[in-house]
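Novice: Quick one, fold the following:
(2 chains)
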Amino acid sequence: MQVFKAFMKVLKKKMSYAIIYIGIFLGIVIPMATTQSNSGSVKEMFSEECKSSIALCIFDEDDSPESRAFSDYLGEKYTLKSLENDEEVLMNALYYFTVDRIITINKGFSDKLAKGEINGIIDSQHMHETTKNMLLDQDINSYFSAVSAYVEGGADTLSASRSAQDALMTDADVNAVSFKDDANDKNPDHFFSYFRILPYILTASIIGTLCPILMIMNKKEVRFRTNCSSLRPSSYTKQVFLGSALFVVGVWIIFMIAAMIIYGGIFSGKAWLAVLNSFIYSMVAASIAVFLSTFITNVNIISFVNQIISLGMSFTCGVFVEQELLSKGILSAARFLPAYWYIKANMMLDGTEVYSGTQFAQYLAIEAAFAAVIAILTLVVSKARYNSTALPKVRKLTSA
Amino acid sequence: MFFHNFKYEILSTSRVKTFLFWLMVFPMILGTLFKMAFGDVYEKDVLFSSIPTAVVETSENAVFRQVIDSIEEADEPLLKVTYTDEETAKQMLKDGKAKGIIYVGEKLSLSVTEQKISQVVLKSFVEQYGINEKIIRDTAEKDPTKLQAVIEKLSEDVSACNEIPVTSGNTDVYTQYFYNLIAMVGMFGSVTGLHITVQNQANLSALGARKNCSPTPKSTGLFASLLGSYMMQSVCMLLCVTFIHFVLKIDFGKNLPLVYLSAIIGGILGVSIGFLFGSLNRFSIEVKTGITMAVSMLSCFLSGLMMGQIQGVITEHIPILNKINPATVITDSLFCLDMYSDRSHFISKILTMLAISVFCTAAGILVTRRKKYASL
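Specialist: Now for the predicted structure:
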């Protein structure tokens, strides 16, 4: 097992690359997993969604009981954030979604409310025409419509504000319908997001580590020394294959164990299908790494090619941005890449697409076919390279 | 001798393949990938689009139909309604073709599969009926004579928000990834700056040893190297901005010359930082490169290259960090140029970049000067 031992020695030296990637990946997914998902009754979940996803900043210049009642109403439903009243801070906060809207309650607010002058009663700034801002618009208008109706009905502005607040807490009859099966429901939120990002890390860490090792093993001098030893070529191949397989499976197992730790224990239900999907993808990444190492001889070039393949596939196949948001042209081109089919399979598991066992198996088969085709290509290229270097030398020797 | 050194600095830098890739080719590839991935996301995912809704009428409700008709008259209506039977509506909900089903009978009810913002809008829409009903009931109990006036008040269109425009610039939040890409190229310039010290330090390179025992004054060689590096880095910055604007068609507003200026100063900033890091210690070239790259990448991370919203989080909690982090200052200069109508914010960012560059270069020169070697 001399070759296997040599492989492991080189692996030990090159392992830092994979460790950096694993560390960065876990650094990103752990905070993502600790984000609390909404739970409780339907009403509670709706109110949690509003509170967690919509943020406002209110500058109350009127500071009257009526303006405070309005602020309290918004504070009850949404998250209120206090920001420094500085142009640059507010611009950044709106641009980067720290707050969705900045509301200024000007002096004279309560007087205008008493007179029923509710159009344009508050100053509002928002940057993005989002659904959240649409909802805020609708809600704020409803509030002032209700207050002015109560004022019209004879109430004073403060009691009208309180009555409006009560009226706006009226709940609709809402039913939550579920089309998911129980096995899928058990998996926590973000579980399949973890598996969505996995192709990038698997590709980058496997190519970035395995390629330089195989390149060292394939170095002309090393290969010539090995070829002229008593070791049979098949034994050499088996030992390199064993070393590579051990590394790839090892990296994959680390990610699976990390998923178990992050998401609370042994997988259940469809999570196992995600595990299978990621295992097949690991094989694809390994086959790409072996293929590249057969014809690239410069470590710097491997580093560039690795970035292009891992980032390129991730951006175009839906790893970083969901496939639903990518253009049709990009998705059509992405069909020729293995990560596209990995993501398609994962979308079935996370409920984005309706699950079908046959279709899921087809996606896995396509991924496996990629691995097989790349493996065949590797054999062809390595054979051609061997013939182009070794045979002429043999001929020269025989002719001499 | 200055021009001789200057010429060879440019020639040697332009022949380093890694330099050409990471500062010229890689930003183009990454920019193209950003464009492919983020090109439509703002329109598709961030901006509001009508919420597809299935409506099942269990009994006739003319008022509801009137309300829906008036909503649908808008350019971008709140709801995109499909009247259908319950079975089809459920199938639409299952397939994701509808965000919710509104059942119209004596009362309105809603069925949803998830509790996201679109569903909150639907819930709020359905609740409006109950709210008006409660207000009318309350008035009827308190003072029935005012019932008509209250009903009229409720039917009035209200627009409570006096909208104050924030900017006339490009609000597409994904554009900031391209600003960050330019900042990244600038920060990668730190490796170029690092090589200036490596090539002038006798214990780190053969060229450094050769330069140290030559009769050329150290200052001449150093300034020639610095100027050559600034120039090469500026070429990279120009190429990056040109590619992003003219090939990828990213809108930088109406101030393209100032975008180029900002990018060039960003590049000089990166080189200066690398020059300082290289001069500060006597570590090996690998350790120096590692430290410089780690600092550059951390700076880029904090400016939002890997996670777009990080700058917003920093603005909220540690705003001072955004004012001094080099990559954020480069990004912000481009952001300010497009978003603010007056130039004061942009000028302050440019001055910050220049101040950091001058400080780093001066500190680097002070540390490098009069360095002696007992043996070469």
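Novice: Give me the pLDDT value at the nearest residue to residue B:160 once chain neighbours are set aside.
Specialist: The shortest distance from residue B:160 to any residue other than its chain neighbours is 4.3 Å, reached at residue A:144 (Cβ to Cβ, 6 or more residues apart in numbering or on different chains). C-beta coordinates here come from the backbone N, C-alpha and C atoms, glycine included. Listed pLDDT for residue A:144 reads 94.
Novice: Remind me what whichever strand or helix holds residue A:144 packs against, helices and strands.
Specialist: Using DSSP states H and E, residue A:144 maps to helix A:131-152. Applying 3 or more Cβ pairs under 8 Å, 6 or more residues apart in numbering or on different chains; DSSP states H and E, one finds that helix A:131-152 contacts helix A:65-77, helix A:109-115, helix A:157-168, helix B:117-142, helix B:147-155, strand B:161-163.
Novice: Domains of chain B: list them as residue ranges, please.
Specialist: Domain assignment of chain B by automatic domain parsing yields the ranges B:2-39+B:174-370, B:49-155.
Novice: can those go into a markdown table with extra columns for mean pLDDT?
Specialist: Below are the domains of chain B laid out as a markdown table (pLDDT from 0 to 100):
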| stretch | mean pLDDT |
| --- | --- |
| domain B:2-39+B:174-370 | 89 |
| domain B:49-155 | 87 |
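Novice: In contact with residue A:70, which residues?
Specialist: By Cβ atoms under 8 Å, 6 or more residues apart in numbering or on different chains, the residues touching residue A:70 are A:105, A:109, A:122, A:143, A:161.
Novice: For these, which single residue is the most surrounded?
Specialist: residue A:161 (26 neighbours; other Cβ atoms under 10 Å in any protein chain shown).
Novice: That one contacts residue A:67, correct?
Specialist: No - in this structure residue A:161 lies outside contact range of residue A:67 using Cβ atoms under 8 Å: 9.3 Å.
Novice: Leaving out sequence neighbours, find the closest residue to residue 282.
Specialist: Defaulting to chain A. In space, and not counting its chain neighbours, residue A:282 is closest to residue A:252: 4.4 Å by Cβ to Cβ, 6+ apart.
Novice: should've been chain B
Specialist: residue B:203 (6.7 Å).
Novice: Now do the same for the one you found: helix, strand or coil?
Specialist: Recorded secondary structure, residue B:203: coil (DSSP: H, G, I helix; E, B strand; the rest coil).
Novice: Could you pull up the contacting residues of it?
Specialist: Going by Cβ under 8 Å, 6+ apart, residue B:203 touches B:209, B:282, B:373.
Novice: Pull out the buried residues from the residues you listed.
Specialist: With neighbours counted using 16 or more other Cβ atoms under 10 Å in any protein chain shown, those contain no buried positions.
Novice: Among those, which one lies nearest to chain A?
Specialist: residue B:282 (23.4 Å; Cβ to the nearest Cβ).
Novice: what about the closest one, helix or strand, and which?
Specialist: Using DSSP H and E, residue B:282 sits in no helix or strand.
Novice: do residue B:249 as well
Specialist: Using DSSP H and E, no helix or strand contains residue B:249.
Novice: So which of the domains of chain B is the most surrounded?
Specialist: Stretch with highest mean neighbour count among the domains of chain B: domain B:2-39+B:174-370 (a mean of 19; mean count of other Cβ atoms under 10 Å in any protein chain shown).
Novice: so how far is that one off the chain centroid?
Specialist: 18 Å (Cα atoms, centre = their mean, to the nearest Å).
Novice: What score does the residue nearest to residue A:282 have for pLDDT?
Specialist: Note on residue A:252: pLDDT of 94.
Novice: Surely it is in contact with residue A:201?
Specialist: No - Residue A:252 is beyond contact range of residue A:201, at 10.5 Å (criterion: Cβ under 8 Å).
Novice: And the residue of chain A at minimum distance from chain B, how close does it get to residue A:222?
Specialist: Chain A approaches chain B most closely through residue A:96 (2.7 Å), counting by Cβ to the nearest Cβ. Per Cβ to Cβ, to the nearest Å, residue A:96 is found 52 Å from residue A:222.
Novice: So between these two, which is more surrounded?
Specialist: residue A:96 (21 against 14).
Novice: The more buried one - nearest residue in space that isn't next to it in sequence?
Specialist: Nearest non-adjacent residue to residue A:96 (Cβ to Cβ, 6+ apart): residue B:312, at 2.7 Å.
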